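[1] fold the following and give me the result.
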Amino acid sequence: MTATRIKPATSELLTLFVQRSEQVSPGFRRVTFGGGDIARFVPMGFDQWFRLFLPTGEDQNASLRRLPTRLDTLTYARYLLISKAVRPVLRNYTVRAYRPDGADGPELDVDFVLHQAADGSSGPAAAWAGRCLPGDAVAILDEGIGFNPPADVTGDLLLVADETGLPAVAGILASLPADAIGRAVVEVGHPDDRQPLAGPPGVKVVWVVRADPFAVPGRAALAAAQEVPVPLSGYGWVVGEQGLCADLRRYWLAAGMPKTSVSFCGYWKAGH
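    Next up, the predicted model:
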């Protein structure tokens with residue numbers, strides 16, 4: 001996906017502020033950002049993603065002021081040299097929705113998956129989403145979109161994801177042309193994590209709910225995707241847990257899909 005993604009025309013560090021947050025389901029918390037530099041954010045649709053910096057320490061503004069204005073090998077090395085006590089947490093997230101006409105200006109919704117290990121612990125971003133308050137500051141760097149089918153694709157689309165890819169699937173479905181056809185297979189950890197998804201009538205959404213809440217996400221989606229006819233002249237897109245992406249890509253290629261018609265990205269790795 002890195003090789004074929006569509007980069008934004010410009011990518012600059014933007015400071016945004018929490019407007020509100022809500023628990024939308026057992027496994028998701030939605031945080032709405034706005035204010036600050038939101039007017040300079042350019043929505044691209046599809047699976048648009050960005051680097052999200054969450055401040056640490058008592059002085060949020062001081063923490064964010066230490067960040068580079070762009071992220072490359074050199075500036076990332078400098079970022080790692082910042083003391084952990086004040087270094088902002090860096091994670092990658094997807095735009096769930098963008099509204100140019102929010103109550104107080106443009107708004108950006110981000111859905112945080114509430115990963116929870118058997119011992120009750122969770123990652124720093126999920127923990128932050130659970131405690132953030134209106135007015136809390138964050139910074140983002142836009143990275144563009146990964147969904148980029150080759151021009152010669154004529155067949156069905158096949159989108160596959162675990163819950164970490166649900167916001168990206170939602171963005172893609174909302175951005176597809178009305179005559180698009182295909183299927184989206186999305187795995188979630190709880191029946192109530194299924195969300196209304198607007199998209200073309202020709203793209204069927206298949207929900208897969210894990211029977212075991214502590215099973216490795218993606219295994220159920222992989223099994224369900226392998227029951228779908230492989231779209232040899234279509235486009236396969238898979239994101240989520242690394243094993244899901246690697247195994248499904250291997251399965252599609254073995255079935256005869258061209259490499260150029262398969263896009264994949266491991267958002268995370270089980271156990272890490």
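[2] packing partners for the helix or strand in which L141 is found?
    Using DSSP states H and E, L141 falls within strand 137-144. Packing partners of strand 137-144 (3 or more Cβ pairs under 8 Å, 6 or more residues apart in numbering; DSSP states H and E): strand 14-25, strand 49-54, helix 60-65. From N, CA and C alone the C-beta is placed, and that goes for glycine too.
[3] pick the most buried one from those.
    Ranked by mean neighbour count, the helices and strands packed on strand 137-144 are led by strand 49-54 with a mean of 22 (mean count of other Cβ atoms under 10 Å).
[4] which residues sit against that one?
    In this structure, residues lying in contact with strand 49-54 by Cβ atoms under 8 Å, 6 or more residues apart in numbering are 64, 67, 71, 88-95, 110, 124-125, 128, 138-146, 168.
[5] likewise stretch 240-248?
    Residues outside stretch 240-248 that contact it (Cβ under 8 Å, 6+ apart): 160-165, 187, 216-219, 221-222, 225-226, 236, 238-239, 264-270.
[6] drop anything exposed from the contacts of strand 49-54.
    Neighbour-count burial (16 or more other Cβ atoms under 10 Å) is assigned, among the contacts of strand 49-54, to 64, 67, 71, 88-91, 93-95, 110, 125, 128, 138-146, 168.
[7] stretch 198-217: end-to-end distance?
    Stretch 198-217 stretches 24 Å from its first residue to its last (Cα to Cα, to the nearest Å).
[8] so for that stretch, mean pLDDT?
    Stretch 198-217 shows a mean pLDDT of 93.
[9] and it, how far out from the chain middle?
    Counting by Cα atoms, centre = their mean, to the nearest Å, stretch 198-217 is centred 15 Å from the centre of its parent chain.
[10] residue nearest the centroid of this protein?
    By Cα atoms, centre = their mean, the chain has its centre lying nearest to T94, at 3.4 Å.
[11] which residues does V205 contact?
    Counted by Cβ under 8 Å, 6+ apart, V205 has contacts L173, R183, A184, V186, L197, G199.
[12] secondary structure class for the last one?
    The one in question is G199. Using DSSP: H, G, I helix; E, B strand; the rest coil, the structure places G199 in coil.
[13] mind checking how far L159 is from W268?
    In this view, L159 and W268 are 18 Å apart by Cβ to Cβ, to the nearest Å.
[14] pLDDT weak spots in the stretch 51-200 of the chain?
    Of all residues in the stretch 51-200 of the chain, those with pLDDT under 70 make up the ranges 116-122.
[15] need the helices for it, in chain order.
    Per DSSP state H, counting those that start in this stretch, the stretch 51-200 of the chain carries helices over the ranges 60-65, 73-81, 124-131, 166-175.
[16] picking that back up, buried subset of the contacts of stretch 240-248?
    Buried subset of these (neighbour count, 16+ other Cβ under 10 Å): 160-165, 187, 217-219, 221-222, 225, 236, 238-239, 264-268.
[17] go through the residues you listed and flag which are in strands.
    Members of the buried ones among the contacts of stretch 240-248 lying in strands (criterion: DSSP state E): V160, A161, E187, G236, V238, V239, F264, C265, G266, Y267, W268.
[18] how about CSV for those residues, with distance to F28 added?
    Conversion of these to CSV gives the following (distance: Cβ to Cβ, whole Å):
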residue, distance to F28
V160, 19
A161, 13
E187, 13
G236, 25
V238, 20
V239, 16
F264, 23
C265, 20
G266, 20
Y267, 15
W268, 15
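[19] which two among these are spaced furthest apart?
    The largest separation in those, counting by Cβ to Cβ, is between G236 and W268 at 19.8 Å.
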